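>>> turn this into a structure:
(one chain, ligands or ions: 2)
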Amino acid sequence: MTGADLSHGARAQNAVGLARLARRIEPAVGWDDLVLPAETAAQLREIALRARYRSRVLDEWRMRPGGGRGRGVTALFAGDSGTGKTMSAEVIAADLGLDLYTVDLSSVIDKYVGETEKNLERIFTEAAGVNGVLLFDEADAIFGKRSEVRDAHDRYANVESAYLLQRMESFDGLALLATNLRANLDPALTRRLDLVVDFPVPDAEHRRALWDRCLGRRIPRAGELDLAFCAEAFELSGGNIRSAVVAAAYLAASADRPVGTADLVAGVFREYRKLGRLTLEAEFGPFYAQLQ
Ligand SMILES: Nc1ncnc2c1ncn2[C@@H]1O[C@H](COP(=O)(O)OP(=O)(O)O)[C@@H](O)[C@H]1O
Ligand SMILES: [Mg+2]
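Numbering: from 1, shown residues only. Ligands and ions are numbered 1, 2, ... in the order given. Sure thing, here's the model as predicted:
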């Protein structure tokens with residue numbers, strides 16, 4: 001038994017409590033798997049770098065930001081569903097050699113005053129013994145901007161967000177927030193974070209790369225497979241493309257043939273239905289007739 005075995009064992013043991021409160025993801029993706037604009041990717045690398053060197057910069061060199069902040073590195077990921085926020089957190093965790101723990105903030109919120117903090121406190125107490133990256137999803141559930149105070153709980157919500165921020169800052173590691181609703185966030189929150197990273201919806205060029213990345217290297221591709229058509233024709237997020245590819249792979253597997261354009265288009269058709277989007281002949285082109 002080596003030291004590494006021991007520390008791995010200790011980590012697993014410590015993680016049991018946290019795993020009851022958060023979903024644990026063992027990272028299996030790397031930087032090369034991400035399809036993002038250069039600026040977004042650079043910001044993600046900066047987060048990983050800050051997490052890695054924070055003890056040197058903050059402790060040894062005493063570069064503490066003002067306001068009595070702790071040693072935690074904090075960031076917000078903002079972008080539509082399926083743009084790669086969770087995956088990016090996974091890549092950063094992999095880069096740091098840590099597991100990722102995701103917490104759905106909307107499930108932490110309790111309507112009774114003080115209960116939300118108790119739930120958060122439990123999470124941070126468990127997390128303290130675990131060397132992991134924390135990702136709080138649905139951040140708008142707590143940080144949503146309230147233009148008017150409607151009831152006692154609305155007034156109290158500011159106390160909850162202040163509490164979460166303070167715990168994130170004093171967390172001895174990397175704590176991330178994710179939201180699909182950027183416009184809805186209080187600027188007082190975003191000012192307090194180390195970084196705010198925007199995840200744009202992919203343009204045609206990035207969609208093309210996403211189709212290619214999601215197909216991967218193992219699946220047999222038909223000679224006529226036209227990823228450029230799929231990328232140009234359908235405005236989809238990476239998450240939608242991923243689901244369409246999985247559906248296409250099943251079609252190809254069950255027909256015992258390489259995956260072709262018609263399979264991908266059938267996958268897209270299925271995604272459109274799921275999203276409640278109109279399936280227009282103009283978008284589906286020559287494949288439209290077969291799909292009805
Ligand atoms: N930018 C991206 N680069 C590569 N793959 C992506 C990207 N965005 C989404 N995907 C694919 O879609 C899946 C779902 O994305 P996810 O990270 O869960 O999105 P979000 O958390 O923003 O809703 C990922 O596991 C990946 O397969
Ligand atoms: Mg997500």
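>>> show me this structure divided up by domain.
3-199, 204-291 (automatic domain parsing).
>>> out of those domains, flag the one nearest ligand 2.
Relative to ligand 2, the nearest member of those by C-beta to the ion is domain 3-199, separated by 3.3 Å. (C-beta placed from N, C-alpha, C; glycine too.)
>>> hang on, isn't residue 104 packed against residue 139?
No - with contacts counted by C-beta atoms under 8 Å, residue 104 stays clear of residue 139, the gap being 10.2 Å.
>>> okay, now the residue of the stretch 1-150 of the chain found nearest ligand 1: neighbour count?
Of all residues in the stretch 1-150 of the chain, residue 84 sits closest to ligand 1, at 2.9 Å by C-beta to the nearest ligand atom. Neighbour count for residue 84, taken as other C-beta atoms under 10 Å: 24.
>>> so what's it up against?
Neighbouring residues of residue 84 by C-beta atoms under 8 Å, 6 or more residues apart in numbering: 34, 35, 36, 199, 238, 239.
>>> let me know the pLDDT of it.
You'll see residue 84 listed with a pLDDT of 98.
>>> close to ligand 2, is stretch 234-253?
No - figure legend: stretch 234-253 not in contact with ligand 2 (C-beta under 5 Å from the ion); closest approach 8.2 Å.
>>> that older thread, lowest-confidence stretch among the domains of the chain?
When these are ranked by mean pLDDT, domain 3-199 comes last with a mean of 86.
>>> returning to what we had before: filter the contacts of residue 84 down to just the ones in strands.
The strands, defined by DSSP state E, take in residue 199 from the contacts of residue 84.
>>> nearest to residue 206, of the contacts of residue 84?
Distance to residue 206 across the contacts of residue 84 (C-beta to C-beta) is lowest for residue 35, with 5.3 Å.
>>> thinking again about what came up before, if we check ligand 1, which of the contacts of residue 84 are in contact?
With C-beta under 6 Å from any ligand atom as the criterion, the contacts of residue 84 include 34, 35, 36, 238, 239 near ligand 1.
>>> next, format these as JSON lines and append neighbour count.
Shown next, in JSON lines, are the ones next to ligand 1 among the contacts of residue 84 (neighbours: other C-beta atoms under 10 Å):
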{"residue": "34", "neighbour count": "19"}
{"residue": "35", "neighbour count": "21"}
{"residue": "36", "neighbour count": "24"}
{"residue": "238", "neighbour count": "24"}
{"residue": "239", "neighbour count": "19"}
